[in-house]
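> sequence unknown, structure follows:
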């Protein structure tokens, strides 16, 4: 058995491109890298090439997980932590010798391949995952390089890759896949959605392809030297049932389990993704922004969207074949699948399996489909939680509090990945709560065994100081997760396909004429109440409607006034104090106006003229509606005087606001923060530079501006940095405030207790949203106190006076 496994993995980890070596430049063989246009900046190259320091490797060691299996030298991370003062300087010197032509120690790059069962026939070696157990000394170097590389990866890898890139969420790509399928199905488009399986993706990637990619992207000699040393001189052995095979040399593979592997993998895969994005013959899903949605990736999980034509699909096949020939990573067509509306047949035959109507396919642990009456996702979650519970059957030594903690950490965590993008069915939630309640009150009960809940479940969800156990409520937690998607629209750093697709899906049921008005409708009660057909957005609408932000910040700048809603806005009422409604009631005209694209103050006011837009312009937009002039005058007359003062010629924004300069001499990435308006009318400002994919701001200096040409306002917020105690300033969306879908500072959730702060939208986190929602309920203490007071008062009334 051991010999069989050794032969299998040796074949996989041995290159079939015998002509390649460490100096091979594959760009001489193919122009595939031509579509990869982003290069590493000089400052980044110098940073990655500089010698490692003792301080840097010390920090790396502190971040490494403890309690992990060591490599063949049996020296664990704990050993190095305990003896770092003596070993650290020597290891750093050894690492840096690589920059001058040195090599690592003979056994440092040797790894042990351990196998973990996936699914299927256990006798089939293909059905086992391979994980490389590597020496800690090897991993310290690899992780130090990975920590350096991680900060530059967002600039080198475009947004279609959602995994292993700092600041990105894999859920965005999962949602994109769900929305694409909804669009294709609802509009009956002849579009194929391909889920491509890269066979042994990490193990088959050739080193020549990786090194060619690094050089093409502008990586320096130092980083490439470390990468070569870590890979090219590596060896492995197979471990099965505690027995080790004879070692063998590797000539390809990124070694899954190696800290640098996922980052290098997404770098080399970017060459393929760029080719697919920019190929002129590949036609993806056309978006109303003019973009095309062609491909998404979660590490090695590829999602490709293509017109169902031989030309477009054939181009995808050619690109994949070219990538396979150069990198040696191959597509397993028998495990790849496609989804296509039932009315159409796929124009090509590559051996892929069709996911039919009523069937689901897994995309990164979430089941997706074109159309399904009842998802099997809930049953899978129940089975996984039941299996996990069996591992905790012998917990009689744990207290009720301890078991509640286990439930939160070990059981409910199984659900949160899926509930981030899917509302759990009521039956699933009830079944899971029953499983957890049985574990809390009778942990050794059999699956079908009965138990008695001593306290109602809702009571257990409150903190211990309020009389509960702090047990999570899966339904309310899911609601907090779903509300977060609206918050993500408000705080996103750049435009994303999932937002554009959402606008496409929501415009039709709300009958809107402008895509951007979709997000305003989430804050207009009459629209927010209307049921949606989208299987993804309807649960979000319900969650948002149940607990929307209930406070709106009063506007204090011109653009904040122009961003105000015209309808169902408590700050904007008629002379009798009644809001202008957007429902179907008699005399209400808001719904028709919103549908036509008159939603905010900016739709009535002309910034160019400094006055209301001409009535004739409003009539042209609202063509076909009755009473336009009367309603137009009612709205303009209802504008609060303080808003008029801000918009008027004498009005000016107060100090502290941020602006996008319009001067030609200023860079696109520069913002101004106005400090004060001088008596001369000049403005004293700070200049800030926006850098990186996270839109982080850094101060450049202070100047006085003589000419103020009313630049567009920007929205800047303070967010936590990776250091727990530090904060940074970021420019939301890297665009003017008027172009943001939602102003992230305009809305807040009111505090539920006097000692608490309001929850501003841009500070919303799932945990904070869940906490606020729970606080709406009466805690056990709040219920018990009046009851005991009533009991005591009754007892005292019936007692004797000397009592």
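Cool, the structure landed. Just so it is clear, the model here is predicted, and its values are computed rather than measured. Numbering: from 1, shown residues only.

> pLDDT weak spots in the protein?
Scanning the chain for pLDDT under 70 picks out the ranges 373, 395-396, 446-449, 664-665, 722-725, 794-803.

> just give me the residue right at the centre of it.
With distances taken as CA atoms, centre = their mean, residue 169 lies nearest the centre of the chain, 2.2 Å away.

> my guess is it meets residue 162, correct?
Yes. Residue 169 lies in contact with residue 162 (CB atoms under 8 Å); the separation is 6.6 Å. Where you see a C-beta, it was placed from the backbone N, CA and C, and this is true even at glycine.

> packing partners for the helix or strand residue 459 falls within?
If you go by DSSP states H and E, residue 459 is part of helix 457-460. Packing contacts for helix 457-460, counted by 3 or more CB pairs under 8 Å, 6 or more residues apart in numbering; DSSP states H and E, involve helix 426-441.

> so which elements touch the helix it packs on?
By 3+ CB pairs under 8 Å, 6+ apart, helix 426-441 packs against helix 377-391, helix 400-406, helix 457-460, helix 474-491.

> buried sites along the first one?
Read that as helix 377-391. Under the neighbour-count criterion of 16 or more other CB atoms under 10 Å, helix 377-391 has 377, 378, 380, 381, 382, 385, 388, 389 buried.

> make a markdown table out of these and add distance to residue 87.
Shown next, in a markdown table, are the buried residues of helix 377-391 (distance: CB to CB, whole Å):
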| residue | distance to residue 87 |
| --- | --- |
| 377 | 48 |
| 378 | 51 |
| 380 | 46 |
| 381 | 45 |
| 382 | 49 |
| 385 | 43 |
| 388 | 39 |
| 389 | 43 |
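
> out of those, which is nearest to residue 738?
Residue 738 has its nearest neighbour among the buried residues of helix 377-391 in residue 377, at 39.9 Å by CB to CB.

> can you tell me the closest non-neighbouring residue to that closest one?
Counting by CB to CB, 6 or more residues apart in numbering, residue 367 is the residue found nearest to residue 377 once chain neighbours are left out, at 4.8 Å.

> what bridges to the one you found?
With DSSP bridges as the criterion, residue 367 is bridged to residue 362.

> tally up the residues packed near it, please.
Residues lying near residue 367 (other CB atoms under 10 Å) number 17.

> and the one 3 residues further on, by the same measure?
For residue 370, the number of neighbouring residues by other CB under 10 Å comes to 21.

> downstream of the host helix or strand of residue 8, the next helix or strand is which one?
Here residue 8 sits within helix 2-12, counting by DSSP H and E. Using DSSP H and E, the helix or strand that follows helix 2-12 in sequence is helix 42-49.

> does anything pack onto that next one? Which helices or strands?
Packing contacts for helix 42-49, counted by 3+ CB pairs under 8 Å, 6+ apart, involve helix 136-150, helix 221-232.

> turn those into TSV, including distance to residue 40 and mean neighbour count.
Shown next, in TSV, are the helices and strands packed on helix 42-49 (distance: least, CB to CB, whole Å; neighbours: other CB atoms under 10 Å):
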stretch	distance to residue 40	mean neighbour count
helix 136-150	10	22
helix 221-232	9	19
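
> ok, residues contacting stretch 308-320?
For stretch 308-320, the surrounding residues in contact (CB atoms under 8 Å, 6 or more residues apart in numbering) are 190-192, 194, 196, 272, 275-276, 279, 281-283, 304, 306-307, 331, 340, 344, 346-348, 350.

> turn the helices and strands packed on helix 426-441 into TSV, including distance to residue 774.
Listed next are these as TSV, based on distance: least, CB to CB, whole Å:
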stretch	distance to residue 774
helix 377-391	22
helix 400-406	15
helix 457-460	9
helix 474-491	7
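
> closest to residue 45 out of those helices?
helix 474-491 (31.6 Å).

> and that closest one, how far out from the chain's middle?
A distance of 12 Å separates the centroid of the chain from that of helix 474-491, by CA atoms, centre = their mean, to the nearest Å.

> now it and helix 426-441, what's the angle there?
Here the directions of helix 474-491 and helix 426-441 differ by 120 degrees (axes from the mean of the first three to the mean of the last three CA atoms, to 10 degrees).

> relative to helix 377-391, how tilted is helix 474-491?
Relative orientation of helix 474-491 and helix 377-391, computed by the same axes, to 10 degrees: 120 degrees.

> which is the next helix or strand following helix 474-491?
helix 497-510.

> list of residues touching that following helix?
Everything outside helix 497-510 that qualifies as a contact, by CB under 8 Å, 6+ apart, is 172-173, 175-176, 179-180, 182-183, 186, 287-289, 291, 293, 296, 489, 492, 512, 515-516, 518, 521, 527, 530-534, 536-537, 595, 741.

> equivalent analysis for stretch 48-55, please.
Contacts of stretch 48-55 (CB under 8 Å, 6+ apart): 40, 88-89, 92, 95-96, 99, 141, 144-145, 148-149, 152, 219-223.

> and residue 637, how many neighbours?
9.

> who's in contact with it?
Contacts of residue 637 (CB under 8 Å, 6+ apart): residue 575.

> please apply the same query to residue 24.
Neighbouring residues of residue 24 by CB under 8 Å, 6+ apart: 208, 211, 212.

> go again with 6 Å.
Shown in contact with residue 24 (CB atoms under 6 Å, 6 or more residues apart in numbering): residue 208.

> what about it, distance to residue 15?
Residue 24 is 11 Å from residue 15, where distance means CB to CB, to the nearest Å.

> now for residue 681, how many residues are close by?
Quick note: residue 681 (other CB under 10 Å) scores 10 neighbours.

> cool, and the one 3 residues further on?
Each residue near residue 684 was counted by other CB under 10 Å, and the total is 15.

> same question for residue 90.
When counting by other CB under 10 Å, one arrives at 9 neighbours for residue 90.

> residue 693 now?
Residue 693 has 17 neighbours, counted by other CB under 10 Å.

> I'd say it and residue 154 touch.
Yes. Counting by CB atoms under 6 Å, residue 693 touches residue 154, with 3.8 Å between them.

> hey, what's in contact with both of those two?
If you check residue 693 and residue 154 against CB under 6 Å, 6+ apart, the residues they both contact are residue 167.

> and for residue 619, nearest residue in space, chain neighbours not counted?
residue 628 (5.3 Å).

> so how many other residues sit close to that neighbour?
21.

> contacts only, for residue 334.
Residue 334 touches residue 351, counting by CB under 6 Å, 6+ apart.

> related to what we said a few turns ago, for the contacts of helix 497-510, which ChimeraX command selects only the ones that are buried?
Only the buried entries of the contacts of helix 497-510 go into this ChimeraX selection, using 16+ other CB under 10 Å:
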select :172,173,175,176,179,180,182,183,186,287,293,296,489,492,512,515,516,518,521,527,532,534,536,537,595,741
